[in-house]
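K.L.:
structure for the following, please:
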Amino acid sequence: MEEIIQQQGDFAEFYPDAVNLIRIPVLTTKDGEVHLMGPFLTLGQNDMKAVNASAGGIIATIDPDTGVVLGNGWVEKSEKEYPYHPQTGKRIIGYQIPDWDEAVAICKKASKLIPECKYIGIDLSQTKDGWVIIEANCYAQFLGQRNINGLKRKILEYLEQI
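P.N.:
I've put the predicted structure just below:
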């Protein structure tokens with residue numbers, strides 16, 4: 001049993017019926033350097049009770065340096081884009097992820113817990129007590145990262161350093 005996750009303020013306003021997430025994929029190179037590999041926001045919609053990017057959740061690319069959502073939201077296997085959440089009207093593009101530096105620090109620390117796993121997609125949500133890790137995926141998909149220019153080249157460069 002786990003305690004119920006209560007999302008915080010404006011993060012919950014996107015879609016209050018499920019726990020909205022950010023995924024921060026991290027890749028650790030041989031020298032121990034941890035790199036963010038295309039973080040993205042995942043939001044519920046249409047009566048979802050669990051947010052999942054592969055099951056119709058809205059995803060949007062996050063700038064790894066600033067924590068600002070860079071583009072419209074979109075849904076896997078759909079060409080429709082969402083500058084605003086379709087149910088709540090909350091603006092997606094330009095949203096500043098709260099306490100971004102804290103979320104990044106948590107992921108970098110967590111990435112060191114299993115040194116054999118060089119690539120991990122870490123899902124977090126923000127609560128009144130700060131960021132909490134929902135799960136960590138050692139086989140995380142490259143869903144949200146597909147629309148980031150130049151990321152494939154960067155991934156291939158980092159893979160040479162593992």
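
K.L.:
from here on, just use CA atoms for contacts and neighbour counts.
P.N.:
Noted.

K.L.:
and the strands in this protein?
P.N.:
21-28, 34-36, 40-43, 58-61, 73-75, 81-82, 119-127, 130-137 (DSSP state E).

K.L.:
where does pLDDT dip in the chain?
P.N.:
For the chain, applying pLDDT under 70 flags the ranges 1, 139-156, 158-159, 162.

K.L.:
spatially central residue for this structure, please.
P.N.:
residue 23 (2.1 Å; Cα atoms, centre = their mean).

K.L.:
spatially, what comes nearest to that one if we skip its sequence neighbours?
P.N.:
residue 123 (4.4 Å; Cα to Cα, 6 or more residues apart in numbering).

K.L.:
picking up where we left off before, what pairs with the residue nearest to the centre of the chain across the strands?
P.N.:
Counting by DSSP bridges, residue 23 forms beta bridges with residue 40, residue 123.

K.L.:
wait, it touches residue 43, no?
P.N.:
No - between residue 23 and residue 43 there is no contact under Cα atoms under 8 Å: 11.0 Å.
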